[in-house]
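K.L.:
what follows is a predicted structure for the sequence shown.
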Amino acid sequence: MNKPDKIYIAGHRGLVGAAILRHLQQQGYDNLLTATHQELDLSHQLQVQNFFQQHQPDYVFLAAAKVGGIHANNRYPAEFIYQNLAIETHVIESAYRAGVRKLLFLGSSCIYPKFAPQPMREQHLLTGELEPTNQWYAVAKIAGIKMCQAYYQQYGFKAISLMPTNLYGIGDNFHLENAHVIPALLRKFHQAKMTNAKHVEVWGTGQPRREFLYVDDLADACVFLMQSYQQAEIVNIGVGNDISIAELAQLVKKVVDYQGDIIFDPSKPDGTPRKLLDISLLSKLGWSAKTDLEQGLTHTYHWFLANQDKCRH
């Protein structure tokens, strides 16, 4: 991937797509192709086909997806499976037909089996039952990975798939019902601080453990692997350590400087007990994360404070 190459970032307004766009711009890439949802509906097959035939990109970062936390997955299962299947099917097929040199697809650590051995290796995919609260999203993402591998095997189309762990960072979705755990907690603790609330309620028992990766680190990994990785096998992208939700809540409380108490609600679902990725392959390839969790939380909270009028609520 060279500076003059035309690079299409699908989903450039989302958390991951925006980070990839920022990173490419910082690295001096300026032949970048983007399209808003109003300009291009990725769930519409003919629109996607025409877009690729017209613009002929050399490389594609497929960061467009419908994503959300436990509540959103439970509430909108049809939307999660349909929209993700449609987006990935149309983009991968159109990219191949248009002669794209290489495509990068993003899976997720949450699509591994619910009770996969820890830490989770790439070989654990499809070895057990899925987490019921996000099975619709998981099935769609697994289909996208298998589609990339099928096109690689049958057509020689260079389509690689990455499996990032839980993500957070600037530009995240801070909607209290649909957000992932970190932006939801940051907003909850911030609101409690502003209203002098005596406590903040956190879903679940606080016992599940999660691994978190700052989204700008993921963008760096995406560009690194787009340039250097040439295999159809998936690659885990993570930091190699995890933290309990209770510990995370305490860290968010510290970053926000909230003085009240934390109350856990065990009647709410915990989700998968633990999600930690084995990043041996990633380390062997020569990449590691640069941003520790407290530093990343601080960056994210400061961005939220400065952008409350335009961030996703």
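P.N.:
It's in. Numbers count the residues shown, from 1 in each chain.

K.L.:
after the helix or strand hosting Met163, next one along is what?
P.N.:
Following DSSP states H and E, one finds Met163 within strand 159-164. Later in the chain than strand 159-164, the nearest helix or strand by DSSP H and E is strand 166-168.

K.L.:
in its sheet, what does that following strand sit against?
P.N.:
Paired strands of strand 166-168, with direction, are strand 212-214 (parallel) (DSSP bridges).

K.L.:
need the helix or strand of this structure with the lowest average pLDDT.
P.N.:
None of the helices or strands of the chain scores lower by mean pLDDT, DSSP states H and E than helix 70-75, at a mean of 79.

K.L.:
now find how far off-centre that one is within its chain.
P.N.:
16 Å (CA atoms, centre = their mean, to the nearest Å).

K.L.:
the helix or strand that it is followed by packs against which elements?
P.N.:
Using DSSP H and E, the helix or strand that follows helix 70-75 towards the C-terminus is helix 77-97. Where contact means 3 or more CB pairs under 8 Å, 6 or more residues apart in numbering; DSSP states H and E, helix 77-97 is packed against helix 45-55, strand 59-62, strand 102-106, helix 135-155, strand 159-164. (Each C-beta comes from the backbone N, C-alpha and C, glycine too.)

K.L.:
most packed of the ones you listed?
P.N.:
Ranked by mean neighbour count, the helices and strands packed on helix 77-97 are led by strand 59-62 with a mean of 25 (mean count of other CB atoms under 10 Å).

K.L.:
show me what that one is in contact with.
P.N.:
1, 5-11, 17, 20, 87-88, 91-92, 95, 100-106, 144, 222, 226 (CB atoms under 8 Å, 6 or more residues apart in numbering).

K.L.:
same thing but at 6 Å, please
P.N.:
For strand 59-62, contacts defined as CB atoms under 6 Å, 6 or more residues apart in numbering pick out 1, 5, 7-10, 20, 91, 95, 100, 102-105.

K.L.:
out of these, which comes closest to Lys284?
P.N.:
Nearest to Lys284 out of the contacts of strand 59-62 is Leu104 (CB to CB; 18.8 Å).

K.L.:
can you name the residues that contact that closest one?
P.N.:
Leu104 touches 61, 160, 222, 226, counting by CB under 6 Å, 6+ apart.

K.L.:
and Lys102, by the same measure?
P.N.:
Contacts of Lys102 by CB under 6 Å, 6+ apart are 59, 158.

K.L.:
might you list the low-confidence residue ranges for the stretch 51-200 of the chain?
P.N.:
For the stretch 51-200 of the chain, the stretches with pLDDT under 70 are 178.

K.L.:
quick revisit: please pick the buried ones from the contacts of strand 59-62.
P.N.:
7-10, 20, 91, 95, 100, 102-105 (16 or more other CB atoms under 10 Å).

K.L.:
export those to CSV and tack on distance to Lys193?
P.N.:
Formatted as CSV, the buried ones among the contacts of strand 59-62 follow (distance: CB to CB, whole Å):
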residue, distance to Lys193
Ile7, 41
Tyr8, 41
Ile9, 35
Ala10, 37
Ile20, 32
Val91, 41
Ala95, 46
Val100, 47
Lys102, 46
Leu103, 43
Leu104, 39
Phe105, 39
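
K.L.:
I'm done for today, thanks for sticking with me.
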